[in-house]
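>>> This is the structure alone, sequence omitted:
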């Protein structure tokens with residue numbers, strides 16, 4: 001007699017044919033896949049593993065007997081991946097390190113669930129896996145906590161023939177191709193398990209192989225891309241070694257300033273058209289608005305707020321605060337500080353033999369700053385006088401310099417004047433990264449009247465301030481706690497969780513590029529667009545910068561960065577790089593190909609260099625003397641001769657169209673099970 005199920009008893013669902021693996025097997029596949037994925041990126045850089053790892057991980061979550069095991073072990077394997085891959089975040093922020101590993105592992109949970117659903121339908125994994133994987137990468141790059149690192153595409157940065165596709169699609173296009181190839185592994189395993197016809201898997205393999213061949217054929221020619229016709233721009237880049245720490249500062253701002261001036265003057269014989277310093281390498285507050293602030297005429301609240309930018313725990317009465325701030329800014333006219341800065345520059349920085357390399361205009365302007373008479377206006381006579389001043393090292397000269405040193409290194413105007421003097425001596429603009437202070441147009445209270453920005457300041461060869469750009473894509477919970485003006489109460493609460501030493505920065509107002517002109521040239525030689533640090537890792541942000549320029553004008557992307565946070569010290573004389581430095585540099589390759597614009601990097605403690613529009617690394621700053629000391633950082637300076645780019649790529653024109661297509665693909669994949677379910681009922 002056949003037993004019957006009562007209404008209260010339901011027959012157990014039959015196991016799906018794909019539910020094969022126990023939790024140990026699932027864990028083995030998922031964690032092995034993440035080990036391969038880690039090895040695909042820098043510093044191991046075994047790029048072929050990126051073509052296998054997604055498929056192995058997908059097999060683990062798809063063929064698991066239990067959905068819970070698939071989600072748990074699939075998610076934990078990604079947590080392990082992030083903990084190992086971004087360990088260098090511990091150096092600046094342990095809390096941020098843990099939060100980043102947790103947040104970046106949320107997307108893979110959704111990916112694991114979606115893969116199990118889709119794999120039990122008719123859609124081949126050669127299509128489903130790349131769509132869902134790219135959707136996960138799109139999620140990671142969206143919102144205020146976006147982090148566009150470790151895309152599958154980034155593992156292929158040295159494969160120039162492959163990466164040319166990003167000119168059309170951005171990085172997600174190459175991630176799609178890599179994930180599609182990896183999806184073939186799942187399709188063939190699924191065909192074997194289900195004893196299904198091989199024809200769909202064969203067709204998927206043929207289509208994928210054909211797509212890769214077409215991609216390689218196109219990439220072979222595109223990798224040799226030549227920019228628009230035009231002259232070369234000599235870009236002087238200075239890189240030094242100043243590790244950073246919240247607890248132990250490596251040097252004072254004036255030491256940064258001194259060291260970079262000396263390195264810059266070594267480029268004097270090469271006659272660069274522009275000199276670039278890395279992010280935050282000048283003392284804070286050297287912008288025009290801060291240097292021309294007059295505490296004697298400002299309100300009490302404004303003076304106090306300005307003073308707190310310098311003295312955080314300010315408790316002085318307003319009279320003393322106003323007096324001290326007047327001395328800090330500088331009470332004298334700017335001409336007096338230029339005179340003092342020129343004398344300090346000749347005494348401390350400019351070597352007598354370097355004076356011969358000064359241009360006639362530079363020598364004449366420097367002498368005019370000194371406000372001294374001269375017997376002849378001939379360039380040779382002026383250089384002779386300058387040389388005599390730079391060689392006087394007597395006790396009397398040292399005594400006389402003490403007043404000048406205090407004028408220069410103890411005032412905002414004095415430091416700004418020293419940068420202006422350097423630009424005059426180089427006879428070219430100096431674009432230096434630094435924190436700037438500005439009046440807040442929309443203050444929350446009296447403690448918010450002045451704000452910080454992180455940007456780039458131009459010091460002109462005429463001895464003045466020029467163009468200024470402030471970073472707009474800020475590092476969340478480090479440079480900027482989100483919600484200051486929209487959710488103020490919540491923002492105040494979250495701000496307390498961030499150390500006070502981590503100064504909060506406001507985004508800049510515009511994307512106006514810097515127009516580089518050579519002496520006596522009326523038209524601009526090139527537009528210089530300067531994404532600062534984290535901004536250079538966002539394809540869409542660099543696209544916005546370039547679109548803010550003039551169509552048809554030659555363009556160069558210059559990424560100023562400071563990777564000093566990601567350095568560990570082997571000894572006082574030997575600062576070691578972490579994987580962050582190379583991972584950060586690889587982003588420049590993709591920005592160059594996406595926009596067909598050369599990318600120059602100027603990085604403190606990191607890897608400076610430049611990449612041409614075809615993705616070829618033309619120069620990477622490495623120290624030959626450190627060849628036997630792996631990953632050792634060393635000071636470097638060089639002039640890169642770069643031809644500006646000017647082509648409008650499909651990615652520049654249409655932006656994130658491929659991301660939108662991926663989103664549409666995800667919606668279609670979500671609808672397929674619903675439609676199949678309705679058809680089965682009918």
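Right, received. Where do you want to start? What you are looking at is a predicted structure, and each value in this text was computed from that prediction instead of being measured.
>>> Are we agreed that residue 377 is in a helix?
No: read with DSSP: H, G, I helix; E, B strand; the rest coil, residue 377 is coil and lies in no helix.
>>> Retrieve the pLDDT associated with it.
Here, the pLDDT recorded for residue 377 equals 73.
>>> residues in contact with it?
By Cβ atoms under 8 Å, 6 or more residues apart in numbering, residue 377 lies in contact with residue 364. In this view, the C-beta of every residue, glycine as well, is placed from N, C-alpha and C.
>>> Return the distance of it relative to residue 367.
9 Å (Cβ to Cβ, to the nearest Å).
>>> next one: residue 382
Taken as Cβ to Cβ, the span from residue 382 to residue 367 is 5 Å.
>>> Residue 507 now?
Taking Cβ to Cβ, one finds residue 507 at 42 Å from residue 367.
>>> do the same with residue 308
40 Å.
>>> between these two, who's got more neighbours?
residue 367 (21 against 15; other Cβ atoms under 10 Å).
>>> ok, that one touching residue 374?
Yes: the criterion here is Cβ atoms under 8 Å, and residue 367 meets it with residue 374 at 6.3 Å.
>>> Run through the residues that contact residue 366.
Residues near residue 366 by Cβ under 8 Å, 6+ apart: 342, 345, 346, 358, 386, 421, 424, 425.
>>> before we move on, back to that, what do residue 382 and residue 367 both touch?
residue 374.
>>> that older thread, what residues are shared contacts of residue 367 and residue 374?
382, 385.
>>> burial of the closest residue to residue 548 other than its chain neighbours, as a residue count?
Take residue 548 and drop its neighbours on the chain: the residue closest to it by Cβ to Cβ, 6 or more residues apart in numbering is residue 511, 3.7 Å away. Residues contacting residue 511 under the criterion other Cβ under 10 Å number 17.
>>> Against residue 295, how distant is residue 559?
36 Å.
>>> Same check on residue 26?
Per Cβ to Cβ, residue 26 is found 66 Å from residue 295.
>>> quick one: which of the two has more around it?
residue 26 (25 against 20).
>>> The more buried one: what's it in contact with?
When contacts are counted by Cβ under 8 Å, 6+ apart, residue 26 touches 60, 61, 63, 64, 69, 70, 73, 74.
>>> repeat that with 6 Å
Listed by Cβ atoms under 6 Å, 6 or more residues apart in numbering, the contact set of residue 26 reads 60, 64, 69, 73.
>>> now the stretch 351-500 of the chain, which segments are flagged as low pLDDT?
Counting by pLDDT under 70, the stretch 351-500 of the chain contains low-confidence ranges at 375, 392-401, 403.
>>> What ranges does the stretch 101-250 of the chain have for its strands?
233-239 (DSSP state E, counting those that start in this stretch).
>>> Mind picking out the helix or strand in this protein with the poorest mean pLDDT?
strand 567-571 (a mean of 66; mean pLDDT, DSSP states H and E).
>>> Let me know the next secondary structure element after that strand.
Using DSSP states H and E, the helix or strand that follows strand 567-571 in sequence is strand 574-577.
>>> which parts of that next one are buried?
575, 576, 577 (16 or more other Cβ atoms under 10 Å).
>>> and it, how far out from the chain's middle?
Put simply, strand 574-577 sits 20 Å off its chain's centre (Cα atoms, centre = their mean, to the nearest Å).
>>> can you check stretch 106-125 too?
32 Å.
>>> Great, nothing more from me.
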